[in-house]
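[1] this one's sequence-less:
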């Protein structure tokens, strides 16, 4: 019987050691990709720049506004959705983005970490619309906030900066897919730098700021649409502080709207 | 005794590490995909949004009509964006049988004076679809409702159908997850059956997609 108890005690010790190993697992830590080669930056602050933020209630940040519909259905319970006002160089509102985040099925606590699929739809009214598709490693953020502060009850240690995007493009960058206006038929890459300023055990995330860095390939020339799909960004210039090529000429391949009104409208 | 303890430690450690590696920590419920094969190749699938139940939020300027009123109330665009021709809407998305399977965002804008619309459809268990099309004219739904007898600002019931994007007129520009590497086309149809006191639309939005492997 003593042997059984000793084995059980050993199992408990082994499990605790395993948990500690996972907590400080270097394999799952967020990478440190370079910000070199990005030529545009859009910024936002949470929660101030979130027009709408909703989820099922499990995330450590309040939904806003209070009346917004929670994502309670089973198929979307782990998803969050935010409408963000993005600011340019002058700190004035410059763009609006919808960001939808859901945990990735590739999550594996031993080798890849806690991954999330992050999708953005960004509209700059004067320029057009583009998508950002990212795979984000939130292991380090979760360890510093949820585990350390909310589970273990430690005080938040001050500002911390994260670069959570890890793919799916080369060098751990996100994929940018142009949709309309001057972004039509263009591709590129993106990174996000995220700085958590205040995090509390009760309230969760109280304040954070973030920067979305973008690098788009050249606008396609006439008759060249679809070519050069692989190249994106590049160059050795350091990341700019603002919308460096805001006024750069760009091809606009979009055509005028063509909605049709079906003829079966009736009413009173 | 010592050997039993060491064996226990190894078992506990191996168990935790194996669980960390092999337990499916993220496994969102997946409902059957209602897809069909189309005659000339490709996979057809319809996504449905029921209004007003599936509307999560909306933001737009006055120029975009009845859909542009801030929802939830108070979540208005900042002045610098409020004057722009811009409409941002978010919805829950259902399959053909009416089950909620994902969330979606629709952005409409007029860069350079040309209307464009884009959809981001995220189905957590499957991936995301990125859609783009020439946008409808500003106030297209309002015009259809007016043609069907609705007075500006008033309530209304009836039936008005607007092919915002004609069938096959939109483009699938990319995707992720199981939609990665796909291209295709789509159509978007709004069927409005009523307008409520606060201007909220009642009806459905249908997105009919046909996707095929790129190349």
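    Right, received. Where do you want to start? Please read all numbers here as calculations on a predicted model, not as lab measurements.

[2] and the longest helix seen in chain B with chain A, contact?
    The longest helix of chain B (DSSP state H) is helix B:2-22. Yes. Using Cβ under 8 Å from any Cβ of the partner chain, helix B:2-22 reaches chain A at B:4-17, B:20-21. Heads up, the C-betas are built off the backbone N, CA and C, glycines and all.

[3] Name the residues that touch the helix or strand that that helix is followed by?
    On the C-terminal side of helix B:2-22, the closest following helix or strand by DSSP states H and E is strand B:35-37. Here strand B:35-37 makes contact (Cβ atoms under 8 Å, 6 or more residues apart in numbering or on different chains) with B:43, B:44, B:45.

[4] most neighbours, which of the residues you listed?
    Compared across these, residue B:45 has the highest neighbour count, 18 neighbours, by other Cβ atoms under 10 Å in any protein chain shown.

[5] Give me the pLDDT for that residue.
    Looking at residue B:45, its pLDDT reads 93.

[6] Just confirm it contacts residue B:186, I think it does.
    No. Using Cβ atoms under 8 Å, residue B:45 is not in contact with residue B:186; the gap is 9.6 Å.

[7] intersection of neighbour lists for these two?
    Overlap of the contact sets of residue B:45 and residue B:186 (by Cβ under 8 Å, 6+ apart) consists of residue B:209.

[8] Show me what the longest helix of chain B is packed up against.
    helix A:2-23 (3 or more Cβ pairs under 8 Å, 6 or more residues apart in numbering or on different chains; DSSP states H and E).

[9] quick one: buried residues of the helix it packs on?
    Residues A:6, A:7, A:10, A:11, A:13, A:14, A:15, A:18, A:22 are the ones in helix A:2-23 that count as buried (16 or more other Cβ atoms under 10 Å in any protein chain shown).

[10] any idea how far chain B is from the second one?
    From residue A:7 over to chain B the distance is 4 Å, taken as Cβ to the nearest Cβ, to the nearest Å.

[11] so what's that residue up against?
    Counted by Cβ under 8 Å, 6+ apart, residue A:7 has contacts B:4, B:5, B:7, B:8, B:11.

[12] of all these, which comes closest to chain A?
    Lowest distance from chain A to the contacts of residue A:7 (Cβ to the nearest Cβ) belongs to residue B:8, with 2.1 Å.

[13] who touches the closest residue to the closest one other than its chain neighbours in this structure?
    Spatial nearest neighbour of residue B:8, chain neighbours left out: residue A:10 (2.1 Å); criterion: Cβ to Cβ, 6 or more residues apart in numbering or on different chains. Neighbour list for residue A:10: B:4, B:5, B:6, B:7, B:8, B:9, B:10, B:11, B:12 [criterion: Cβ under 8 Å, 6+ apart].

[14] which residues pair with residue A:135 across the strands?
    residue A:117, residue A:167 (DSSP bridges).

[15] my read: it touches residue A:104, true?
    Yes. The criterion here is Cβ under 8 Å, and residue A:135 meets it with residue A:104 at 6.4 Å.

[16] okay, and the common contacts of those two?
    Residues touching both residue A:135 and residue A:104 (Cβ under 8 Å, 6+ apart): A:115, A:116, A:117.
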